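*Asks:* Sharing a model that was predicted from the sequence below.
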Protein chains: 2
Amino acid sequence: MTYESVLTALADPTRRQIFEDLRAGPMAVTHLAESRAVSRPAVSQHLKVLQKAGLVSATARGPSRLYAVEPQGLAPLRDYLDTVWGDVLSAFAQEVKAQMQERSDTSTWEQET
Amino acid sequence: MTYESVLTALADPTRRQIFEDLRAGPMAVTHLAESRAVSRPAVSQHLKVLQKAGLVSATARGPSRLYAVEPQGLAPLRDYLDTVWGDVLSAFAQEVKAQMQERSDTSTWEQET
DNA sequence: ACTTACCGTAAGTAATGACTTACGAAAGTG
DNA sequence: CACTTTCGTAAGTCATTACTTACGGTAAGT
């Protein structure tokens, strides 16, 4: 639900691969595990994290369970980038211009990165 | 530079707080550390990770060092969300509609989440 | 030059998390 | 009703990583 959980969920490479594999459509846990280097319980645990983050949803299909991408799960992260950082990005250009004009004389700076 | 490094950099809560604190403007390491519960070297290490991810930049200011937000650092993550998941999101609505119409008869499903 | 202030790095420790094996539950099949 | 398949969870191990203390290095002030 929160953008923090989305970030931590997408930070792990294996979990991100599983999430991206689900782009092909809903899949069962066994099918997800056999095309990967980790065991099936590991995939289940990753899916649990993804589900808690709202990125995937589970559907009982007999004894099997189909996991599918929940597209609205990425909305918190998108909103975070837009609302929290959108203003900063737009305000940055102005500030840079202002500072460069303000300190055009005091030129004792030393850029590193 | 890559969206993976951005995700791992923003996954840690302390590191994310430091990054968000820099929205107020360029700050020195000591100033960042004294308003937080971790030591100064810890902040330095976090800033190193953020710098490698392209999220912040350092500027030598006398014996001090001013760290500033690098606004273009979030671009890889934005691009990842747009290119990789933008198509999936738009294609999802159509697929859902098609599936619901296709399986309007085989109604033995059981939603969980 | 000596001192002070600010910072990065090294080394070591503690904690978080990713993974495995083992087990039990739920649902279809004979 | 047994049997099989599929899956989640528990317990434990191992690797990653976040954190601390200690140290050295650089730049300004006196």
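*Replies:* That came through, no problem. Residues are numbered from 1 along each chain as shown, chains lettered A, B, ... in the order given.
*Asks:* Leaving out the residues flanking it, which one is nearest to whichever residue of chain A sits closest to chain B?
*Replies:* Of all residues in chain A, residue A:11 sits closest to chain B, at 3.7 Å by Cβ to the nearest Cβ. (Glycine included, C-beta is placed from N, CA and C.) Leaving aside its sequence neighbours, residue A:11 sits nearest to residue B:11 (Cβ to Cβ, 6 or more residues apart in numbering or on different chains; 3.7 Å).
*Asks:* cool, and residue A:21?
*Replies:* residue A:32 (6.2 Å).
*Asks:* host element of that neighbour?
*Replies:* helix A:29-34 (DSSP states H and E).
*Asks:* Now that helix: buried residues?
*Replies:* A:29, A:32-33 (16 or more other Cβ atoms under 10 Å in any protein chain shown).
*Asks:* With stretch A:16-26 instead?
*Replies:* So for stretch A:16-26, counting by 16+ other Cβ under 10 Å, buried means A:16-19, A:21-22, A:26.
*Asks:* Among the residues you listed, find me the one that's closest to DNA strand D.
*Replies:* residue A:26 (10.3 Å; Cβ to the nearest atom of the strand).
*Asks:* close enough to count as contact, that closest one and residue A:67?
*Replies:* Yes - the criterion here is Cβ atoms under 8 Å, and residue A:26 meets it with residue A:67 at 6.5 Å.
*Asks:* can you pull out the helices in chain A?
*Replies:* Here chain A has its helices, by DSSP state H, at A:3-11, A:13-21, A:29-34, A:40-52, A:75-79, A:85-102.
*Asks:* OK, contacts around the residue nearest to residue A:11?
*Replies:* Residues counted as contacts of residue B:11 (Cβ atoms under 8 Å, 6 or more residues apart in numbering or on different chains) are A:7-8, A:11.
*Asks:* what's the spacing between the residue nearest to residue A:12 when sequence neighbours are not counted and residue B:12?
*Replies:* Sequence neighbours aside, residue A:46 is the residue nearest to residue A:12 in space, at 7.3 Å (criterion: Cβ to Cβ, 6+ apart). Using Cβ to Cβ, to the nearest Å, residue A:46 is found at 19 Å from residue B:12.
*Asks:* Who has more neighbours out of those two?
*Replies:* A direct count of neighbours by other Cβ atoms under 10 Å in any protein chain shown for residue A:46 and residue B:12 places residue A:46 higher, at 24 against 17.
*Asks:* Quick check, that one in contact with residue A:13.
*Replies:* No - counting by Cβ under 8 Å, residue A:13 is not a contact partner of residue A:46; they are 10.6 Å apart.
*Asks:* coming back round to it: in contact with the residue nearest to residue A:21, which residues?
*Replies:* Contacts of residue A:32 by Cβ under 8 Å, 6+ apart are A:18, A:21-22, A:43, A:47, A:67.
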